[in-house]
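A.B. asks: Okay, structure incoming, though there's no sequence with it:
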C-alpha cells in the first residue's frame with residue numbers, strides 16, 4: 001500500500017484547516033481574538049452561559065484543553081464564570097459586554113475568509129463541500145456518542 005498525502009482526506013483536511021486558520025487569525029487579531037478562542041466564542045455568542053462540560057461536548061475538545069482555553073479567556077477579560085443558580089458546583093461561562101459587541105466584526109472576518117479561501121469553487125461546489133464536511137462531522141459525533 002502506498003500513501004499519497006495529496007490523496008489522504010486527513011492530510012488534506014488538516015492542510016485546508018491551516019489555510020482557514022491563518023486567514024482568520026490575521027483578521028481577528030485586531031479584535032483581540034485568537035484562533036484558539038474563536039470556536040468557544042462562536043458557541044457563547046449562540047448560547048451565552050454554557051458550562052465547561054457543554055462546551056467540551058459541543059466542540060469535541062479535551063476537558064484539559066477547554067479548561068486552559070477558558071482560563072486564558074478569563075485572564076484576557078473575554079469571559080466571566082459564575083456559579084450556577086441551581087447547582088453551586090457548576091460554573092457557567094458568560095461573555096463580557098465588549099466581547100458580545102465584537103460579534104458582527106468577528107463574523108464578518110470569518111465570512112471574508114470563507115469567501116476568499118473558497119473563491120476557486122463554484123457556488124454549487126461550495127455548497128457540496130459544506131454538506132460533505134457536515135456529514136463527516138455528524139458521522140464522527142454519532143460514532144463518539146455511541147461509544148460513550
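C.D. replies: Nice, thanks for sending it over. Every value quoted in this text rests on a predicted model; they were computed, and no experiment measured them.

A.B. asks: Please count neighbours and contacts with C-alpha atoms only from this point.
C.D. replies: OK.

A.B. asks: Sticking with the residue nearest the centre of the chain, tell me its helix or strand.
C.D. replies: Centroid-nearest residue in the chain, with C-alpha atoms, centre = their mean: residue 39, separated by 2.4 Å. Secondary structure from DSSP states H and E places residue 39 in helix 38-46.

A.B. asks: same check, this time on residue 94
C.D. replies: In this structure, residue 94 sits in strand 91-95 according to DSSP H and E.

A.B. asks: Any idea what residue 93 is bridged to?
C.D. replies: Here residue 93 sits in beta bridges with residue 50, residue 81, as judged by DSSP bridges.

A.B. asks: what's the neighbour count on it?
C.D. replies: Residue 93 has 22 neighbours, counted by other C-alpha atoms under 10 Å.

A.B. asks: for residue 62, phi and psi?
C.D. replies: Here is the backbone geometry of residue 62 (degrees, to the nearest 10): phi -60, psi 150.

A.B. asks: One more: the one 10 residues further on?
C.D. replies: For residue 72, the backbone dihedrals are phi -70, psi -40 (criterion: degrees, to the nearest 10).

A.B. asks: Torsion angles phi and psi at residue 86?
C.D. replies: Main-chain torsions, residue 86, degrees, to the nearest 10: phi -100, psi -20.

A.B. asks: mind listing what it touches?
C.D. replies: Contacts here follow C-alpha atoms under 8 Å, 6 or more residues apart in numbering; on that basis residue 86 touches nothing.

A.B. asks: And the strand holding residue 94, how far out from the chain middle?
C.D. replies: 17 Å (C-alpha atoms, centre = their mean, to the nearest Å).

A.B. asks: what's the helix or strand for residue 27?
C.D. replies: Here residue 27 is assigned to helix 9-28, by DSSP H and E.

A.B. asks: which of the residues in the helix holding residue 39 are buried?
C.D. replies: 38, 40, 41, 43, 44, 45 (16 or more other C-alpha atoms under 10 Å).

A.B. asks: Next: stretch 60-77.
C.D. replies: The neighbour-count check on stretch 60-77 (16+ other C-alpha under 10 Å) flags 66, 70, 73, 74 as buried.

A.B. asks: ok so, going back, and the helix holding residue 27, how far from the chain's centre?
C.D. replies: The answer for helix 9-28 is 12 Å, by C-alpha atoms, centre = their mean.
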